[in-house]
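Colleague: dropping the sequence and predicted coords here.
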Amino acid sequence: MALRVYNTLTKQKEEFVPREPGKVKMYVCGVTPYNHPHIGNARPFITWDVIRRYLEHRGFAVFHVQNFTDIDDKIINTANQEGVTWDTIANRYIAAYFEVMDKLNVRRAHVYPRVSDHIGDIIAIVQRLIDKGYAYTVGGDVYYSVEKFAPYGQLSGRSLEDMKAGARIDVDERKRHPMDFALWKSAKPGEPAWDSPWGPGRPGWHIECSAMALKYLGNGFDFHGGGSDLIFPHHENEIAQSEAYTGEAPFVRYWLHNGFITVNEEKMSKSLGNFFLVKDILAHYPPEVLRFFILSTHYRSPLDFSDERLAEAGRSLERLRTAVHNIRQLEKLPGGAGGEQADTVRRAAAQAKAEFYAAMDDDFNTALGD
Ligand SMILES: Nc1ncnc2c1ncn2[C@@H]1O[C@H](COP(=O)(O)OP(=O)(O)OP(=O)(O)O)[C@@H](O)[C@H]1O
Ligand SMILES: [Zn+2]
């Protein structure tokens, strides 16, 4: 049976056809390492771990790239508060990310590019965007001109007119359109900075993912993922930058976005302060329980977190293990592999297996029937 996936770009389920037969190239937006990951942050990585494992199980050779946004306002602020350098903070929380993801048995990506290692690639793309008329400089800053890219808004389903009408009045006067976004930011005193044709500065957030995805996966690769908060503006801007730069579409064949982990129906986030860190949860629950909790709801649906629901996931996992254990015992009984009872179990197992494949082929529905 064909594998079908829900594509945010077309807003429908489509048959998955890879760019190259038998191969899958995927880019997952990674963390901004300025804090320990909370379980909302863990959702995309557990989801993509399962997607990757399933694709490999179906025989695809998967190449997985996931970035670290290691230069960012949040990192700089944390570094200033602690009186240490930005890379001390980034390295500390990259290590913290790996520590919990390894415990959660999330397989490592093939490449973990960092923004700070790709400044040259980014500058080359920004320069080309200026040369092609898609970007303009204002002092030492460079902005992308959204009006120059006709399909802008295609991923998020927004129109530029609506966005202009909805823009706040205090929008930066120097921008040609309120939605224009920074490709390069000039350095404020004391900030980390790299030399560029526009003076010392650092890249904007969106351009890093275009640069690193194009570098490691080439244009028109298969999957791009992340949480649904990244659809706009991050992924919308990635498309605008990449397609303007290469002159080819699509930049990505299938865009997949996971729903939020919520607490009392509000997005779990660092800024709201309603978060639970993975490391703290793992002090009380085995990692498989957290994985099972996250996978017991389809990845696109919201998932409300509570202690009771985590405990319930633990009980469900236990029931599953008991069932497996009982079947193994049954097999060991004299005549266990034969007889009517064994036939019933075998039939049930065959049916469960078929249902498993049908569910996974239906947009990776680990929850079955959600
Ligand atoms: N509550 C959530 N549920 C599901 N995914 C989330 C949640 N919060 C963040 N993500 C996803 O986690 C990944 C890593 O994000 P990142 O490190 O940038 O954190 P963040 O979005 O800044 O988190 P926060 O909103 O808590 O500040 C992104 O793909 C993001 O979409
Ligand atoms: Zn990204």
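Modeller: Noted; the coordinates are in hand. Residues are numbered from 1 along each chain as shown. Ligands and ions are numbered 1, 2, ... in the order given.

Colleague: can we go C-alpha only for contacts and neighbour counts from here?
Modeller: Will do.

Colleague: centre-most residue in the chain?
Modeller: For the chain, the residue nearest the mean C-alpha position is Gly226 (2.3 Å; CA atoms, centre = their mean).

Colleague: that one bridge partners, please.
Modeller: Note on Gly226: beta-bridge partners His257, judged by DSSP bridges.

Colleague: can you pull the pLDDT of it?
Modeller: The model reports Gly226 with a pLDDT of 98.

Colleague: other SSEs contacting the strand or helix carrying Asn326?
Modeller: Per DSSP states H and E, Asn326 falls inside helix 307-332. Judged by 3 or more CA pairs under 8 Å, 6 or more residues apart in numbering; DSSP states H and E, helix 307-332 is in contact with helix 287-295, helix 339-361.

Colleague: just the CA trace of the longest one, in PDB.
Modeller: Yep, that's helix 339-361 we're talking about. Below are the C-alpha coordinates for helix 339-361, written out as PDB (Å, rounded to 0.1, in the frame of the first residue of the first chain):
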ATOM      1  CA  GLY A 339      -3.800 -25.900  18.600                       C
ATOM      2  CA  GLU A 340      -6.900 -23.700  18.400                       C
ATOM      3  CA  GLN A 341      -5.800 -21.100  21.000                       C
ATOM      4  CA  ALA A 342      -2.600 -20.500  19.200                       C
ATOM      5  CA  ASP A 343      -4.400 -20.100  15.900                       C
ATOM      6  CA  THR A 344      -6.700 -17.500  17.400                       C
ATOM      7  CA  VAL A 345      -3.700 -15.600  18.700                       C
ATOM      8  CA  ARG A 346      -1.900 -15.900  15.300                       C
ATOM      9  CA  ARG A 347      -5.000 -14.600  13.500                       C
ATOM     10  CA  ALA A 348      -5.300 -11.700  15.900                       C
ATOM     11  CA  ALA A 349      -1.600 -10.900  15.500                       C
ATOM     12  CA  ALA A 350      -1.800 -10.900  11.700                       C
ATOM     13  CA  GLN A 351      -4.800  -8.600  11.900                       C
ATOM     14  CA  ALA A 352      -3.000  -6.200  14.300                       C
ATOM     15  CA  LYS A 353       0.000  -6.200  12.100                       C
ATOM     16  CA  ALA A 354      -2.100  -5.300   9.000                       C
ATOM     17  CA  GLU A 355      -3.800  -2.500  11.000                       C
ATOM     18  CA  PHE A 356      -0.400  -1.200  12.200                       C
ATOM     19  CA  TYR A 357       0.900  -0.900   8.600                       C
ATOM     20  CA  ALA A 358      -2.400   0.700   7.400                       C
ATOM     21  CA  ALA A 359      -2.300   3.200  10.300                       C
ATOM     22  CA  MET A 360       1.400   4.100   9.800                       C
ATOM     23  CA  ASP A 361       0.800   4.400   6.000                       C
END
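
Colleague: what angle do that helix and helix 307-332 make?
Modeller: Using axes from the mean of the first three to the mean of the last three CA atoms, to 10 degrees, the inter-axis angle of helix 339-361 relative to helix 307-332 is 140 degrees.

Colleague: spatially nearest residue to Phe251 (excluding sequence neighbours)?
Modeller: Excluding the flanking residues, the one nearest Phe251 by CA to CA, 6 or more residues apart in numbering is Gly220, at 4.5 Å.

Colleague: quick one, what contacts the one you found?
Modeller: Residues near Gly220 by CA atoms under 8 Å, 6 or more residues apart in numbering: 19, 249-253.

Colleague: just flag the most distant two among those residues.
Modeller: Arg19 and Ala249 (12.7 Å; CA to CA).
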